[in-house]
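A.B. asks: Take a look and give me a structure for this.
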Amino acid sequence: MTFIFRNQTIRLLVIFIIFSFLMTEIISICFGLLHGGYDSLMTLCILLYDITEFSIEGLFIHIFHLKHHDAEIATYYVLASIVVLLATYLWITIPNLYLKFSRNFKAFLLKKRRQTINFWQSLSLAKKIQWLAITLASATGMLLLA
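C.D. replies: Have a look, this model is predicted:
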């Protein structure tokens, strides 16, 4: 078993600081992207709804010569019918998608577990200790910097 010399200690300390900083920044960026993506998605959905409603209403006014109020009522029923059809389609397809996802996810987890066990068994004792030290130091630094 080899001892950790001074330059290795400094190198581990630098790796610890870099990993700690990177982990906190990566988590912050991911949550920022999720929030920004959700906000953008909701804005896009609202815009698409408004465009669809305006277009259908315009079609009803020009094709069927309806008044504005009557066209709004017809548009509401058309959009409500579309929502009911989409909800029915999702009601039918979501259970099948869930079953496929759960099967694939279990297979993925078993594959990753096998890969992790093989990786861990291939490491020497010194590399295992070094890996654990860096991981624990990074996690501790991430918690302290957060």
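A.B. asks: going forward, measure contacts and count neighbours with C-alpha atoms only.
C.D. replies: Noted.
A.B. asks: list the contacts for Gly58?
C.D. replies: When the contact criterion is Cα atoms under 8 Å, 6 or more residues apart in numbering, the partners of Gly58 are Ala71.
A.B. asks: Give me the secondary structure label for it.
C.D. replies: Using DSSP: H, G, I helix; E, B strand; the rest coil as the criterion, the local structure at Gly58 reads helix.
A.B. asks: can you pull the pLDDT of it?
C.D. replies: Confidence at Gly58, expressed as pLDDT, is 92.
A.B. asks: so how far is Leu47 from it?
C.D. replies: Relative to Leu47, Gly58 is positioned 16 Å away (Cα to Cα, to the nearest Å).
A.B. asks: what about the most centrally placed residue in the chain, distance to Ile27?
C.D. replies: The geometric centre of the chain, computed from its C-alpha atoms, lies nearest to Leu34 (Cα atoms, centre = their mean), at 6.9 Å. Here the criterion is Cα to Cα. By it, Leu34 lies 11 Å from Ile27.
A.B. asks: now do His69
C.D. replies: Separation of His69 from Ile27 (Cα to Cα): 50 Å.
A.B. asks: Torsion angles phi and psi at the residue lying farthest from the centre of the chain?
C.D. replies: Relative to the C-alpha centroid of the chain, counting by Cα atoms, centre = their mean, His65 is the outermost residue, at 46.8 Å. With angles defined as degrees, to the nearest 10, His65 shows backbone torsions of phi 50, psi 50.
A.B. asks: pLDDT score assigned to it?
C.D. replies: What the model reports for His65 is a pLDDT of 91.
A.B. asks: swap in Met1?
C.D. replies: In the predicted model, Met1 carries a pLDDT score of 45.
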